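Enquirer: Attaching a predicted model along with its sequence, questions to come.
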Amino acid sequence: MDGFNTRAIHAGQEPDPLTGAVVPPIYQVSTYAQDGVGGLRNGYEYSRSGNPTRTALQECMAALEAPGIETARGLAFASGLAAEDTLIRTVLKPGDHVVIPNDAYGGTYRLFKKVAEPWGIDHTTAAVTDLDSIAAAMTPKTKLIWIETPTNPLLNVGDIAAIAEIAHAGGALLVIDNTFASPYLQQPLLLGADVVVHSTTKYLGGHSDVVGGALVAINAELGEQLAYHRNAMGAIAGPFDSWLVMRGIKTLGVRMDRHNENAAKIVDLLEGHSAVGQVFYPGLASHPNHEVAKKQMRGFGGMVSFRVKAGEQAALDLCSKTTLFTLGESLGGVESLIEHPGRMTHASVSGSPLEVPSDLVRLSVGIEEVDDLLADLEKALG
Ligand SMILES: *Cc1c(COP(=O)(O)O)cnc(C)c1O
């Protein structure tokens, strides 16, 4: 099996049979001519059901998350949340129960709380780091354990292999939101997870120019059910968006290496700064889950969070003082971003078990010159 970067550039992306174009064309088309009724060319009928540009991305995603596993199936969606919604409505039915992280992405929590719960899906929150409380949260009705690792925004790390055992012992599936790590740093399906979820908006796209999502299921039957539901529900990725994500993926490995390097240097600065309280980064030897992170990740990623000693107002002020670190939501692009989770990305979980500290600042460390990033932060911190 080829190495990661080779798969990122070539998997699903043979030169176009018609012209030899080395990049899969953007098949901006809704329907396909049939050779007689039902005579589909390569199975293409209508672009909600199938589109060659999307197919190329999906094959690439499956090759990155589950190299060499023939049963794995990738599916691309209009957004990360569209992927999550399709997954939830495929594998769950009213009366079922799920275990979700107590510091999940705010939108994921909102989906379970405001959409799935009224539909009849109960949830229990548990810390992804606490295997006992995850096991204790399981009930006979639990069909799914949903884990994000590292988590957003507190960068907790869950032991994927150990949680997979808990899930399977209880007859549940394990879903991993792999958005923060990307398949370059972590491949949950090889550690026992059943489905991986992505917001391809983030590291996979990598350039803050597209919103998209993906699922990769390791089991062919589940993959087929997900494909059926996506076609029935309609939350597909369009051809141009699929093409943008595929273009981003080609440089995922080199970008992630630089994200890792830059983040490590930013963490050094923050750790030594008198205005900064606790720093959250799985690469820190002092991080409580550092050993697990080392075991299951190739690197520690570009996301860093920290508390500002002087409190909420100082944290808010800091977010407006940087110039290279742009104040904004989202993450995973080549450009560095800064944000205040309590008032921005995690405002929707305020007052819930997922509420985050009000003095918390989150960085998405980009791939600019690290000296420029360090200078920007140092000046803003004062
Ligand atoms: C952004 C994000 C999502 C949601 O994805 P969208 O593409 O915004 O719908 C889900 N999980 C994590 C960890 C995210 O960062």
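Expert: Received it, and whenever you're ready, just let me know what you need.

Enquirer: And the closest residue to the ligand within the stretch 51-200 of the chain, its phi and psi?
Expert: Nearest residue of the stretch 51-200 of the chain to the ligand: G80, at 2.2 Å (Cβ to the nearest ligand atom). The way it works is simple: take the backbone N, C-alpha and C, and place the C-beta from them, glycine included. Dihedral pair for G80: phi -60, psi -40, per degrees, to the nearest 10.

Enquirer: The residue nearest to it when sequence neighbours are not counted: how many residues sit nearby?
Expert: Closest residue to G80 apart from its sequence neighbours, by Cβ to Cβ, 6 or more residues apart in numbering: S199 at 2.9 Å. For S199, the number of neighbouring residues by other Cβ atoms under 10 Å comes to 29.

Enquirer: May I ask you to confirm that S199 is in contact with T179?
Expert: Yes - at 4.7 Å, S199 counts as touching T179 under the criterion of Cβ atoms under 8 Å.

Enquirer: Now the common contact residues for those two.
Expert: Taking Cβ atoms under 8 Å, 6 or more residues apart in numbering as the contact rule, S199 and T179 both touch G80, Y105.

Enquirer: mind checking the SS state of whatever residue of the stretch 251-382 of the chain ends up closest to the ligand?
Expert: Closest approach between the stretch 251-382 of the chain and the ligand, counting by Cβ to the nearest ligand atom: L331, at 6.2 Å. Of the three states, L331 takes coil under DSSP: H, G, I helix; E, B strand; the rest coil.

Enquirer: all strands in the chain, in order from the N-terminus.
Expert: Per DSSP state E, the chain carries strands over the ranges 73-77, 97-101, 122-126, 142-148, 173-177, 195-199, 213-217, 276-280, 303-308, 326-327, 337-339, 360-364.

Enquirer: Could you list the contact residues of the stretch 1-150 of the chain toward the ligand?
Expert: S79, G80, L81, Y105, G107, T108, E148 (Cβ under 6 Å from any ligand atom).

Enquirer: Which entry within those residues corresponds to the minimum pLDDT?
Expert: Least confident of those in the model: Y105, at 88.

Enquirer: OK, contacts around that one?
Expert: Taking Cβ under 8 Å, 6+ apart, one finds E148, N152, D177, T179, S199, T345 in contact with Y105.

Enquirer: and it, how far is that from L81?
Expert: Distance, Y105 to L81, using Cβ to Cβ, to the nearest Å: 9 Å.

Enquirer: any common contacting residues for these two?
Expert: Contacts common to Y105 and L81, judged by Cβ under 8 Å, 6+ apart, are S199.

Enquirer: chain center to the lowest-mean-pLDDT helix or strand in the chain, what's the gap?
Expert: For the chain, counting by mean pLDDT, DSSP states H and E, helix 106-110 ranks last in confidence among helices and strands (a mean of 91). Here helix 106-110 is found 13 Å from its chain centre; the criterion is Cα atoms, centre = their mean, to the nearest Å.

Enquirer: any idea how far N219 is from the residue nearest to G80?
Expert: Taking Cβ to Cβ, one finds S199 at 22 Å from N219.

Enquirer: Show the contacting residues for S350.
Expert: Counting by Cβ under 8 Å, 6+ apart, S350 touches G342.

Enquirer: same deal with M233?
Expert: Taking Cβ under 8 Å, 6+ apart, we find M233 in contact with D85, T86, R89.

Enquirer: of all those residues, which comes closest to G39?
Expert: T86 (29.5 Å; Cβ to Cβ).

Enquirer: Can you check the pLDDT for the closest one?
Expert: 98.

Enquirer: Name the residues of the stretch 201-350 of the chain found near the ligand, please.
Expert: T201, K202, V211, G213.

Enquirer: out of everything not next to it in sequence, what's closest to the first one?
Expert: If you skip the residues right next to it in sequence, T201 has V211 as its closest partner in space, 4.8 Å away by Cβ to Cβ, 6+ apart.

Enquirer: repeat for the last one
Expert: The spatially closest residue to G213, leaving aside those adjacent along the chain, is A83, at 3.5 Å (Cβ to Cβ, 6+ apart).

Enquirer: just checking, that neighbour touches T201?
Expert: No - applying Cβ under 8 Å as the test, A83 and T201 come out as separate, 10.8 Å apart.
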